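Trainee: Take a look and give me a structure for this.
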Amino acid sequence: MSLIVVIDDDAGTRLLVSQVLKKEGHQVMAAEDGDKGLMLIREHKPSLVVSDVQMPVMDGFEVLDEVRNDPLLAATAVILLTSLQDRSYMRLGMTTGADDYLTKPFAPQELREAVSAQLNKRERAEAMRTQVVDKAVQLALDEQRHKIGALYETRMVQALSEQWPETGAHQDSDKFASATVLYADMRDYGLWTQSLSSTELSEIVKQLYSSVGDTVYLFGAHYMQFVGDGMLCVFVDSADTCSVNHALRAMRAALGLSSATQRIDAYVQKNFGERGLPKFSLGVGLHSGPVAFASLDGLISRTGQSTPVGDTVAAALKLFQGEPRLSWPVAASAQAVRLVTGAIRTGQRALVQIPGRGKPIDTLEILGLQ
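Mentor: I've put the predicted structure just below:
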């Protein structure tokens with residue numbers, strides 16, 4: 001139930017009001033003058049104040065004025081009590097911001113009804129505020145989805161009219177203070193190598209490169225490199241993706257890879273269904289943090305090329321190699337998830353100990369978008 005502060009210099013009235021409210025299940029705190037009552041209000045921030053008007057030290061109107069002028073307390077419901085019959089006092093109480101007014105003597109039922117009315121009004125107001133906030137959040141998410149959709153359509157047009165940028169090409173910047181690294185690789189790769197010839201496996205890997213590469217590039221990957229059966233991508237904030245941060249684009253790319261793997265699995269079942277192969281799937285790991293690019297100039301005749309390095313990259317690469325072993329399709333570190341709070345749905349959580357790393361990584365299962 002609700003916390004109510006009762007302020008009255010008359011001990012009998014104070015006891016009566018307190019007992020009636022306690023029987024209704026409310027938590028009650030009482031004070032014998034306005035100054036002490038105001039201290040209780042400021043410290044405990046009650047749902048309702050029931051205050052006498054005529055009191056020593058500080059009267060009820062002064063208490064009401066202090067409450068209404070304090071931003072943290074202004075919304076607190078206040079019921080004033082008085083034995084005065086003069087209508088001018090009633091008008092003064094209501095014009096200074098009182099929510100209700102009871103004239104002594106009053107019946108317990110009158111008090112119960114007045115208190116119930118104010119608490120119900122407060123609950124309705126909070127419910128309306130919640131609806132307004134929820135609607136505002138939904139509108140913001142819808143606007144963001146629209147921006148994301150427009151961004152990806154633009155990138156799709158560019159992708160259809162241009163070849164992929166050369167993989168591993170020279171980066172615009174050597175260091176990024178904040179980036180999200182995505183690493184995706186085939187699950188059960190050892191079983192596939194045992195069941196398929198090198199030619200058959202290369203065809204599947206080729207389809208993987210094509211499908212997931214298109215997906216990740218269209219979601220604005222700044223860097224993309226294929227390594228064996230896996231793919232390493234780095235997402236950063238840049239001019240053409242300023243409306244959507246790098247972590248959210250990486251999460252959306254990771255979730256988008258599921259449809260790509262479904263197409264590859266359909267190809268496998270059609271062409272190698274009799275081999276008893278497991279369902280084709282990827283393990284996608286994401287981690288956010290600083291990323292630097294090391295130049296490969298002069299190495300094996302490479303010119304103008306670089307590769308991402310650092311702890312953020314290493315953690316993403318090894319996320320599915322840690323203990324406990326993750327069976328989730330998409331897993332992201334808490335650092336990455338914090339950057340997209342409210343935009344995604346998460347599932348299970350685990351502390352993953354990665355080989356060669358001192359502290360485990362707090363990791364969450366990514367289920368989908370909100």
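Trainee: For the stretch 251-370 of the chain, just list every one of the strands.
Mentor: Along the stretch 251-370 of the chain, the segments classed as strands by DSSP state E, counting those that start in this stretch run 282-295, 306-309, 330-333, 344-352, 361-369.
Trainee: Just put those in CSV and tack on distance to residue 229 and mean neighbour count.
Mentor: C-betas here are computed from N, CA, C, even on glycine. Output for those, formatted as CSV (distance: least, C-beta to C-beta, whole Å; neighbours: other C-beta atoms under 10 Å):
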stretch, distance to residue 229, mean neighbour count
strand 282-295, 9, 23
strand 306-309, 18, 18
strand 330-333, 17, 26
strand 344-352, 21, 15
strand 361-369, 21, 18
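Trainee: Make CSV from the ones you listed and add mean pLDDT and distance to residue 111 to it.
Mentor: Listed next are these as CSV, based on pLDDT from 0 to 100; distance: least, C-beta to C-beta, whole Å:
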stretch, mean pLDDT, distance to residue 111
strand 282-295, 90, 56
strand 306-309, 86, 69
strand 330-333, 94, 54
strand 344-352, 93, 47
strand 361-369, 93, 50
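Trainee: Any chance of the ones you listed in JSON lines with distance to residue 174 as columns?
Mentor: JSON lines is the format used below for the strands of the stretch 251-370 of the chain (distance: least, C-beta to C-beta, whole Å):
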{"stretch": "strand 282-295", "distance to residue 174": "5"}
{"stretch": "strand 306-309", "distance to residue 174": "8"}
{"stretch": "strand 330-333", "distance to residue 174": "23"}
{"stretch": "strand 344-352", "distance to residue 174": "29"}
{"stretch": "strand 361-369", "distance to residue 174": "25"}
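Trainee: Figure out which of the ones you listed is closest to residue 189.
Mentor: Proximity to residue 189 (C-beta to C-beta) singles out strand 282-295 among the strands of the stretch 251-370 of the chain, at 10.1 Å.
Trainee: by how many degrees do the closest one and strand 361-369 diverge?
Mentor: 120 degrees (axes from the mean of the first three to the mean of the last three C-alpha atoms, to 10 degrees).
Trainee: How is residue 180 classified with respect to secondary structure?
Mentor: At residue 180 the chain is in strand, as set by DSSP: H, G, I helix; E, B strand; the rest coil.
Trainee: how much space is there between it and residue 209?
Mentor: 21 Å (C-beta to C-beta, to the nearest Å).
Trainee: same deal with residue 260?
Mentor: Residue 260 sits at a distance of 11 Å from residue 209 (criterion: C-beta to C-beta).
Trainee: More neighbours: which of the two?
Mentor: residue 260 (20 against 15; other C-beta atoms under 10 Å).
Trainee: To what extent is residue 4 buried, counted in neighbours?
Mentor: Neighbours of residue 4 using other C-beta under 10 Å come to 25.
Trainee: Can you spell out which helices and strands pack onto the helix or strand hosting it?
Mentor: Following DSSP states H and E, one finds residue 4 within strand 3-7. Helices and strands touching strand 3-7, by 3 or more C-beta pairs under 8 Å, 6 or more residues apart in numbering; DSSP states H and E, are helix 11-23, strand 27-31, helix 34-44, strand 48-52.
Trainee: Let's have these in JSON lines, adding distance to residue 278 and mean pLDDT.
Mentor: Below are the helices and strands packed on strand 3-7 laid out as JSON lines (distance: least, C-beta to C-beta, whole Å; pLDDT from 0 to 100):
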{"stretch": "helix 11-23", "distance to residue 278": "65", "mean pLDDT": "91"}
{"stretch": "strand 27-31", "distance to residue 278": "59", "mean pLDDT": "94"}
{"stretch": "helix 34-44", "distance to residue 278": "60", "mean pLDDT": "94"}
{"stretch": "strand 48-52", "distance to residue 278": "62", "mean pLDDT": "93"}
